[in-house]
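Enquirer: sequence-free structure coming up:
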DNA sequence: TTTTTATATTATAATCATTCCTAAATCAAA
DNA sequence: TTTGATTTAGGAATGATTATAATATAAAAA
């Protein structure tokens, strides 16, 4: 990543923190910098290890808490909202799902309702393509009511 | 679900087991029956509880192992292959990913490479739509070589 | 600048999902 | 029926995540 892009991202980070009234602590800044410097979509553990080289005293709890705070304020995103447990489906033909971000409810989508995507060349070029999944992330009616 | 659909699914199950040389044990059959009778995309724990009512002696290990065996033989599918740990992304604008089923490597897809999907009415009807994610599931070059 | 209040961090314990291991049971093949 | 392979139960071990309580830091008010 070039310097300009990095500067822009950091400016946006400060702006978002100001907007959300989050103080930019050294730990938070280090965690964010690790994220923008890492293309691997890191796990909390990877981030912890990275940040630890600058902050030997940082704790796991801080990393977890900070990431959650960032996510809730639109500073970073999760790659999947279904990370906490395995979920199985007896239907093996390709079809797609609606996922509630809150309660993790999963609903099948009627296949006729959704177009077929072309597979990007980037996918087939270096990899063996298997299939693709589409997750429509929502807040379901029940969770909305609870707010 | 009506009786016919159920019968068809069970026939297909027996056929697939024969094909894959998997014996149809009472536990396996009960786990499969639970799956086809449950629209919630159940977790191993939910399946365990369900099956326990008929097999009080069944163990968690059996449920986990059976589900993995089923998945590897195309009898059931996982809703996501990124279930075991949180993964974060500093990019909050919608974009999509290539995911290796084996090593869980995650790669960003150039957004211009992929069409925009229409949001199905089923998504907007009862839920608050947030965004959608597309995961292209692959075996990456490195994992392929290791085979 | 001090005092107060709220927020953030650390360290550790607790929890929860998943996997590993071993012995017993069952199944399949010779 | 003996042998070998597969499957299962049960419990221990591991790994990720969350909760808790005490301390430290930052922001707001005086």
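Expert: Good, I have the coordinates. These figures come from a predicted structure and were not determined experimentally.

Enquirer: what packs against the longest helix belonging to chain A?
Expert: The longest helix of chain A (DSSP state H) is helix A:3-19. Packing contacts for helix A:3-19, counted by 3 or more Cβ pairs under 8 Å, 6 or more residues apart in numbering or on different chains; DSSP states H and E, involve helix A:26-36. Every residue, glycine included, has its C-beta placed from N, CA and C.

Enquirer: what's the angle from the helix it packs on to helix A:3-19?
Expert: 140 degrees (axes from the mean of the first three to the mean of the last three Cα atoms, to 10 degrees).

Enquirer: helix or strand for residue A:130, which one?
Expert: strand A:127-140 (DSSP states H and E).

Enquirer: roughly how far out does that strand sit from the chain middle?
Expert: 14 Å (Cα atoms, centre = their mean, to the nearest Å).

Enquirer: do the helix or strand just after it and chain B meet?
Expert: Once the chain leaves strand A:127-140, the next helix or strand it forms, by DSSP H and E, is helix A:141-146. Yes. Residues of helix A:141-146 contacting chain B under Cβ under 8 Å from any Cβ of the partner chain: A:141, A:144.

Enquirer: please apply the same query to stretch A:22-40.
Expert: Yes. Counting by Cβ under 8 Å from any Cβ, chain B has neighbours in stretch A:22-40: A:32, A:35-36, A:39-40.

Enquirer: show the average pLDDT along the strand holding residue A:130.
Expert: In this model, strand A:127-140 has an average pLDDT of 96.

Enquirer: direction included, what does that strand pair up with?
Expert: Note on strand A:127-140: by DSSP bridges, its sheet partners are strand A:96-100 (parallel), strand B:127-140 (antiparallel).

Enquirer: list the buried residues for it?
Expert: A:127, A:132-140 (16 or more other Cβ atoms under 10 Å in any protein chain shown).

Enquirer: and stretch A:68-87, by the same measure?
Expert: So, applying 16+ other Cβ under 10 Å, buried residues of stretch A:68-87: A:69-71, A:75-83, A:86-87.

Enquirer: same question for stretch A:138-147.
Expert: A:138-140, A:143.

Enquirer: tell me the two of those that are most distant?
Expert: Spatial extent of those (Cβ to Cβ) is set by the pair A:138 and A:143 at 8.9 Å.

Enquirer: got any residues that touch both of the two?
Expert: residue A:100 (Cβ atoms under 8 Å, 6 or more residues apart in numbering or on different chains).

Enquirer: and the residue of chain A positioned farthest from its centre, how far from residue A:96?
Expert: Taking Cα atoms, centre = their mean, the residue of chain A most remote from its mean C-alpha position is residue A:112, at 28.3 Å. In this view, residue A:112 and residue A:96 are 11 Å apart by Cβ to Cβ, to the nearest Å.

Enquirer: just to revisit the earlier point, can you give me the distance of the residue farthest from the centre of chain A to residue B:137?
Expert: Distance, residue A:112 to residue B:137, by Cβ to Cβ: 22 Å.
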